[in-house]
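**Student:** sequence and predicted structure, then a few things I'm wondering about:
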Number of protein chains: 2
Amino acid sequence: MEVELKHLLADLQSLTQSLPDPSHHALLLKIQLRVEDLANLAPVRRSKVEDMSAEVVDSNPYSRLMALQRMGIVENYERIRDFSVAIVGIGGVGSVAAEMLTRCGIGRLLLYDYDKVELANMNRLFFRPDQVGMTKTDAALQTLSDINPDVVLESYTLNITTVTGFETFMSSLKNKSFCPDKQGSGVDLVLSCVDNYEARMAVNQACNELSQTWMESGVSEDAVSGHIQLLIPGETACFACAPPLVVASGVDERTLKREGVCAASLPTTMGVVAGLLVQNTLKLLLGFGQVSPYLGYNSLKDFFPTMQMKPNPQCSNVACLKRQEEYMLAKPTRDAAAKAKMEAEAPSTEEGPLHQDNEWNISVVDDIELDGPDTRSSDVLPEGLTHELPAADEFHEATVGTPVGDTDDLEDLRKQLEAINSS
Amino acid sequence: MEVELKHLLADLQSLTQSLPDPSHHALLLKIQLRVEDLANLAPVRRSKVEDMSAEVVDSNPYSRLMALQRMGIVENYERIRDFSVAIVGIGGVGSVAAEMLTRCGIGRLLLYDYDKVELANMNRLFFRPDQVGMTKTDAALQTLSDINPDVVLESYTLNITTVTGFETFMSSLKNKSFCPDKQGSGVDLVLSCVDNYEARMAVNQACNELSQTWMESGVSEDAVSGHIQLLIPGETACFACAPPLVVASGVDERTLKREGVCAASLPTTMGVVAGLLVQNTLKLLLGFGQVSPYLGYNSLKDFFPTMQMKPNPQCSNVACLKRQEEYMLAKPTRDAAAKAKMEAEAPSTEEGPLHQDNEWNISVVDDIELDGPDTRSSDVLPEGLTHELPAADEFHEATVGTPVGDTDDLEDLRKQLEAINSS
């Protein structure tokens, strides 16, 4: 609007000069003042901040974040400016995740969506009624750049499940111009905030190919539960190894977006899932606390199940199998490093509890020791399970409730969740 | 801005009429068109919606909420329009809670705050840099009325801990003009989203006096944990009976807002706490799921402790004691109703687990049966605890870690939380 107001003032100026009769000048001056008032009404944008300061003044947008250092939570908060995070899906979860990261002062955000803002989205946070009709990427760019001009924003209005969309998605992740010295891809983390199976499989494919750590998120179609999950190619289950439980809820997701069919949604559930997702993002990037491998949210009972999932050695995704192989090959190096670290951090007393970290663990299944003796290198699954494991690309045709992967644990957890939901 | 643009167009009109020389009319027309373009740039507000429709069209802001009925979660969603919720403190938690309730289409919101928006608040959701300098109540009104003009908004720019502020607070809660037939006060729920001890005690005092159900929320000064708590005068502990654990964290809260001292905060933790708070608000108002009596959030470990707290028969708050007495007097009626309900819902099988609801309960302490045989009517606490119970108004001077109330459970939980935090 600033540009338009400037043009208007210039036009008024030339009109004043071209009017010979000063009797009109009073009215013209009044009009000019009105336009200047309008310019003052236009929102003032905050200017960029060169360095993150810890100074406690009202005018410092980073004081409460830098205080995390003084409080002993984060060692070096300013590192957040070096990180790039890609968010796929700028809906009820993705848009809030983007706003949280923007307000935290993340270095660079890459946003992907092909949808437009509708009034039907107004029951979730972030988008405003005056943005109806804009693409979600454009609307997000508008809002986020106003909130924090220090964040480098990139937006991609595309569908990653199309061939060209996927290609652009891949090349944007590989682009290292923001941080040329970074190892691996050009982004530090990919957050999947999409609402369908195909898009999740596309993110999974890209991240497996790039060996890119990512986090998956989802909200159930009845709007009252959700989950987040950390996926590290080769080290944890990929999305094709074992689709998350909330997704495996018995409804073919392909039907969700049919004409006249509409899933429920709530700003609360989506806000909580976005908050848990970005909190775990901050823990991962800035190195504090413990990153949850999987965290569910059952809002009817305020129940938060956790678990870990190993990769499936029979995964249908070729890139996943390649990452699993690399992970196994690096095992001796990892074991040696872990041993050296354990010896360096020798316990001060032998009398403490055996698993102090786990004393109040609320997992409903035991954590799986990823580096312990396991069957990952074996192509054969435990007896009696073979027939219950459909290939990932047959997932939508498979019997509901037989997710692929650590079937014992998954089956267990599913039954427990069902018992909770039906009680 | 719309009004200003109209005035401007009228002035231009009269200038055109007063100019005899048509040679200037071209430029004037250009100017007029520019102003009309500006008018198009000004945000279009969405119009009010008479009835909540479940129709699945992009233009229906309530379709995803009304879908909660079809999904079998809520029996009658539209009832939300009858409810009034008061939010005290429009900061990092309160503003997001207000936005969530606004987007959910709550009937009426009452907002209380005395603070102004600062750039230092930009690390939390909701407020925008262009609102810096406005009161938080004015800025909230501006944003919320744009998001959903159907919500009746009332704002009070005052400090509830002052004598006049408290009086206005009380009378605003008592005002029943929105729902004249409602029993009790004029609001259905009070949400406390304040950041200091005095304000919590003021909300507690008002709610005890009015027998008003409320929910308390809080975030720790290191920004990585928080809690919500349901308080029903007479039935549960009041804030003076037993201050929540996060508040009882060893720092005198009165020092928190000193010059140069600044607590850390994160949009993630505050977003999660606001989401849990409003989700429990929806469960309470619309009658679905289970409302958590207390829910903690330790974000470093994604740990969510729950518990219940009985009122303290030695509470220093006179109004609380009166509510406890009323609650005890109504016990026979309540017991009879519960018995009748149990008989009506006779179990279909005797073989199920004894406490099915509790099968996967993640409480670290057992739930306390509120109506079971207890010591509430007794003035004497269990032996050995008397000296550890300071009066509530001596709380800030009391030894840290000796909260009043169910000392066994609280002490237990506190130790467990400490063990978690230090491990």
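**Tutor:** Structure's in. What do you need?

**Student:** if I look at A:T161, how far off is A:A97?
**Tutor:** Going from A:T161 to A:A97 by CB to CB, to the nearest Å gives 20 Å. (Each C-beta comes from the backbone N, C-alpha and C, glycine too.)

**Student:** for chain A, which segments count as helices?
**Tutor:** With helices called from DSSP state H, chain A shows them at A:2-18, A:25-41, A:63-70, A:94-103, A:136-147, A:163-174, A:197-210, A:267-286, A:318-329, A:331-344, A:407-422.

**Student:** how about these in a markdown table, adding distance to chain B and mean neighbour count?
**Tutor:** Shown next, in a markdown table, are those (distance: least, CB to the nearest CB, whole Å; neighbours: other CB atoms under 10 Å in any protein chain shown):
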| stretch | distance to chain B | mean neighbour count |
| --- | --- | --- |
| helix A:2-18 | 5 | 14 |
| helix A:25-41 | 5 | 15 |
| helix A:63-70 | 4 | 21 |
| helix A:94-103 | 4 | 27 |
| helix A:136-147 | 6 | 20 |
| helix A:163-174 | 22 | 15 |
| helix A:197-210 | 19 | 22 |
| helix A:267-286 | 4 | 27 |
| helix A:318-329 | 24 | 18 |
| helix A:331-344 | 16 | 10 |
| helix A:407-422 | 5 | 16 |
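
**Student:** any chance of the ones you listed in TSV, with distance to B:N175 and mean pLDDT too?
**Tutor:** What follows is the helices of chain A, written out as TSV (distance: least, CB to CB, whole Å; pLDDT from 0 to 100):
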stretch	distance to B:N175	mean pLDDT
helix A:2-18	43	81
helix A:25-41	34	79
helix A:63-70	35	94
helix A:94-103	34	98
helix A:136-147	35	97
helix A:163-174	54	98
helix A:197-210	49	96
helix A:267-286	27	98
helix A:318-329	61	97
helix A:331-344	63	91
helix A:407-422	40	56
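
**Student:** reformat those helices as JSON lines; add distance to A:Y156.
**Tutor:** Below are the helices of chain A laid out as JSON lines (distance: least, CB to CB, whole Å):
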{"stretch": "helix A:2-18", "distance to A:Y156": "26"}
{"stretch": "helix A:25-41", "distance to A:Y156": "33"}
{"stretch": "helix A:63-70", "distance to A:Y156": "28"}
{"stretch": "helix A:94-103", "distance to A:Y156": "13"}
{"stretch": "helix A:136-147", "distance to A:Y156": "7"}
{"stretch": "helix A:163-174", "distance to A:Y156": "6"}
{"stretch": "helix A:197-210", "distance to A:Y156": "13"}
{"stretch": "helix A:267-286", "distance to A:Y156": "20"}
{"stretch": "helix A:318-329", "distance to A:Y156": "22"}
{"stretch": "helix A:331-344", "distance to A:Y156": "35"}
{"stretch": "helix A:407-422", "distance to A:Y156": "34"}
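
**Student:** surely A:L12 and B:I31 touch.
**Tutor:** Yes: counting by CB atoms under 8 Å, A:L12 touches B:I31, with 6.4 Å between them.

**Student:** A:L119 reaches B:Y62, doesn't it?
**Tutor:** No: counting by CB under 8 Å, A:L119 stays clear of B:Y62, with 9.2 Å between them.

**Student:** so for these two, which residue has more residues nearby?
**Tutor:** For the pair A:L119 and B:Y62, the greater number of neighbours falls to B:Y62 (25 against 19), based on other CB atoms under 10 Å in any protein chain shown.

**Student:** once you drop chain neighbours, what's closest to the more buried one?
**Tutor:** Nearest residue to B:Y62, sequence neighbours excluded (CB to CB, 6 or more residues apart in numbering or on different chains): B:M52, at 4.6 Å.

**Student:** do the same with A:N148
**Tutor:** Of all residues not flanking A:N148 in the chain, A:T102 sits nearest, at 4.8 Å (CB to CB, 6+ apart).

**Student:** report the separation between that neighbour and B:P267.
**Tutor:** From A:T102 to B:P267 the distance is 9 Å (CB to CB).

**Student:** and if you look at A:G92?
**Tutor:** From A:G92 to B:P267 the distance is 16 Å (CB to CB).

**Student:** same deal with A:L5?
**Tutor:** 33 Å.

**Student:** thinking again about what came up before, surely the residue nearest to A:N148 meets A:I147?
**Tutor:** Yes: contact criterion CB under 8 Å: A:T102 and A:I147 qualify, at 5.5 Å.
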